[in-house]
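**Q** After the sequence you'll find the predicted model.
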Amino acid sequence: MIVVVDYKAGNLKSVETAMQYLGADFTITDRPEEVVKADKLIVPGVGEARAAMENLKSRGLDSALEDFFDSGKFLLGICIGIQLFFERSEERDTECLGFLKGKVVRFPEMEGLKVPHMGWNQVEIVRDTHLTRGIESGSSFYFVHSYYPLPEDEKYIIGETDYGIRFTSAVQWENLFAVQFHPEKSGRSGLKLLSNFVSM
């Protein structure tokens, strides 16, 4: 059973619709005991880092996510999900889960660069993993974000995107996968990525 974590960060409906389309065996829950027992885990969401971490902590989901990560079972973070997996976010100076070494930073103020980064953009696949299997490098995905991850080690990076600067848009480390974009809103390529995760 795949569990989609509900920590009141929004965007659950589009993930639910995509999973139903794929015929995946999944459930949505905010109960830590169900999170820990899942076969695979998806941490979706939109919004602000501190509010997301406060919601996780108030429900005991931060500890449940740590236990799940330590178990070696596959988990996938989406949008704010990728940011929460790092050590700290500049967004209200928020301490995050710390599964990956590095921080989350805001896009720089640059002439002609609108923040948030919103809309379709290409993802260059820099390292092949099961998550990106069958997806052509340079495929477009849908983004909505003002902050992006800055990994301490390049070994985490599997995808990069250009938006005024070149930033990390997908990572993988051991059993953890995460993307800054929204695969559930990214058409065929996004569904392929989610299908790859479901089939792991």
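**A** Cool, got the structure.
**Q** Please make it C-alpha for all contacts and neighbour counts, starting now.
**A** Will do.
**Q** Let me know the secondary structure of the nearest residue to Gly134 once chain neighbours are set aside.
**A** Leaving aside its sequence neighbours, Gly134 sits nearest to Lys192 (C-alpha to C-alpha, 6 or more residues apart in numbering; 7.6 Å). Put simply, Lys192 is helix when judged by DSSP: H, G, I helix; E, B strand; the rest coil.
**Q** quick one: Lys192 and Ser139 touch, right?
**A** No: assessed by C-alpha atoms under 8 Å, Lys192 is found out of contact with Ser139, at 11.3 Å.
**Q** For the two, indicate the residue with more neighbours.
**A** Per other C-alpha atoms under 10 Å, whichever of Lys192 and Ser139 has more neighbours is Lys192, with 20 against 16.
**Q** Wait, a strand at Lys101?
**A** Yes: assessed by three-state DSSP, Lys101 belongs to a strand.
**Q** Read off the pLDDT value for it.
**A** On the pLDDT scale, Lys101 is placed at 98.
**Q** ok, Asp6 - contacts?
**A** Counting by C-alpha atoms under 8 Å, 6 or more residues apart in numbering, Asp6 touches Leu12, Ile28, Thr29, Asp30, Val43.
**Q** Any of those residues buried? List them.
**A** Buried subset of the contacts of Asp6 (neighbour count, 16 or more other C-alpha atoms under 10 Å): Leu12, Ile28, Asp30, Val43.
**Q** Now, these that are in helices?
**A** Leu12 (DSSP state H).
**Q** Output the buried ones among the contacts of Asp6 in JSON lines; the columns should cover pLDDT.
**A** Formatted as JSON lines, the buried ones among the contacts of Asp6 follow (pLDDT from 0 to 100):
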{"residue": "Leu12", "pLDDT": "91"}
{"residue": "Ile28", "pLDDT": "97"}
{"residue": "Asp30", "pLDDT": "96"}
{"residue": "Val43", "pLDDT": "97"}
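**Q** which residues are contacting stretch 54-73?
**A** 7-8, 30-33, 35-36, 39-40, 53, 75, 97, 99, 174-176.
**Q** Then stretch 76-84?
**A** 41-49, 53, 85, 89, 96-98, 104, 144-145, 148-149, 176-183, 197.
**Q** can you do 6 Å?
**A** Ile42, Val43, Pro44, Gly45, Val46, Cys96, Leu97, Phe177, Ala178, Val179, Gln180, Phe181 (C-alpha atoms under 6 Å, 6 or more residues apart in numbering).
**Q** and what of stretch 19-32?
**A** By C-alpha under 6 Å, 6+ apart, stretch 19-32 touches Met1, Ile2, Val3, Val4, Val5, Asp6, Leu61, Ala64.
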